[in-house]
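Asks: Turn this into a structure:
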Amino acid sequence: MRPRKKDRHLPPCMYIKHGAYYLVKKGKWERLDSDYQGALLAYAKIMGGKGKGGMPKLIDDALDAMRGRLAVNTVKQYEAASAKLKHHLAEFEPRQVLPRHVAALKLHMSDTPNMANRVISFLRMVFAYALEQQIVDSNPCTGIKRHTEKKRDRYITDDEFAAICDAASPYIRSILEMCYLTGQRIGDVLAIKLSDISDKGIAFDQQKTGAKLIVGMTPDLEQLIARAKALPRKVRGLTLFCTRGGGKPVSYETVKDAFRKACDKAGISGATIHDLRAKSLTDTDKQGNDAQKLGGHTDAKMTRRYLRMREIPVAQPPELKRAYSDKVPIQSE
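Replies: Numbering: from 1, shown residues only. So this is what the prediction gives:
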């Protein structure tokens, strides 16, 4: 294919004619849109994932370079973002992706702002990798702001938590209670090794942040560990929580699905398994303990994002002047 002499910003096979954008394949002109951003989206949908190089290859290469330093759940999230990007940018070369293309993608995904932010964040990392590899000269995601996300403020009450635990199996209940008592992310709880447990407490090496901490041993925690170890298992694995048959670590999806079913059974709505960490840190703070240290946060602002049931300050009203109140007659009923 000969290089373009004009309209070099357009992806392969896209041309402008009579004020509209067209996809030209084998001499057939297919109208895309009169708006450039709309034409790009229509182009990506038609072309699908047919490209073997270009952006799809860059996205795969960048993700492969990141895998070693990412937690398992983060990799899964980036894989989902990767699939969406490879679909929308299938026929683009890295140097053809401009800020307006990224803005168009953000606008296209505005109905799902959380996912849109995750996709754009991942794309920003992809182009950071491309810059280091000298594939591009600039990052087209620079200056693209995130969608405003609604802050989650769901607090699971004590009664709700008790109902959810009662509706779960002893196996799942022990995991949920461990999430609450330690205040750690579900992935870190499922990764607890028997060797991490000592008289001092449970040692954690947080997968997401790399923070290291020990959650001190308490009578409640000691009893919970004993119950977890007593669960019947054909094969005892290296982790505290393991599958019934093979002794393998429990998967995140298994616990997430079990939590949802327990909520349904207990009639609890609007709660997710991630709310257990928020409940733990909130209750820790209310009890006068260090929620930031328990959460493994280096920034107090991050801890405050988790605190869901803050004390509402009680404002004291002024006193009524005695000279005035004495003049007000008391009305008899």
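Asks: Tell me how far stretch 266-286 lies from the chain's centre.
Replies: 16 Å (Cα atoms, centre = their mean, to the nearest Å).
Asks: For it, output the C-alpha coordinates as PDB.
Replies: Output for stretch 266-286, consisting of C-alpha atoms alone and laid out as PDB, is shown next (Å, rounded to 0.1, in the frame of the first residue of the first chain):
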ATOM      1  CA  ALA A 266     -30.100 -13.200  53.900                       C
ATOM      2  CA  GLY A 267     -32.100 -10.600  52.000                       C
ATOM      3  CA  ILE A 268     -29.200  -8.100  52.100                       C
ATOM      4  CA  SER A 269     -29.000  -5.800  49.000                       C
ATOM      5  CA  GLY A 270     -26.300  -3.400  47.700                       C
ATOM      6  CA  ALA A 271     -23.400  -5.100  49.400                       C
ATOM      7  CA  THR A 272     -20.200  -6.400  47.800                       C
ATOM      8  CA  ILE A 273     -17.400  -8.500  49.200                       C
ATOM      9  CA  HIS A 274     -15.100  -5.500  49.000                       C
ATOM     10  CA  ASP A 275     -17.400  -3.700  51.600                       C
ATOM     11  CA  LEU A 276     -16.000  -6.100  54.200                       C
ATOM     12  CA  ARG A 277     -12.600  -4.200  54.200                       C
ATOM     13  CA  ALA A 278     -14.400  -0.900  54.500                       C
ATOM     14  CA  LYS A 279     -16.400  -2.200  57.400                       C
ATOM     15  CA  SER A 280     -13.300  -3.500  59.100                       C
ATOM     16  CA  LEU A 281     -11.400  -0.200  58.800                       C
ATOM     17  CA  THR A 282     -14.400   1.800  59.700                       C
ATOM     18  CA  ASP A 283     -15.100  -0.200  62.900                       C
ATOM     19  CA  THR A 284     -11.400  -0.200  63.700                       C
ATOM     20  CA  ASP A 285     -11.400   3.600  63.500                       C
ATOM     21  CA  LYS A 286     -14.600   3.900  65.700                       C
END
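Asks: Contacts made by it with the rest, please.
Replies: When contacts are taken as Cβ atoms under 8 Å, 6 or more residues apart in numbering, the neighbours of stretch 266-286 outside the stretch itself are 152, 154-156, 160-161, 163-164, 166-167, 176, 179-186, 255-256, 259-260, 263, 290-291, 294-295, 303, 306-311. Backbone N, C-alpha and C define where each C-beta goes, glycine included.
Asks: how much space between G267 and A128?
Replies: 46 Å (Cβ to Cβ, to the nearest Å).
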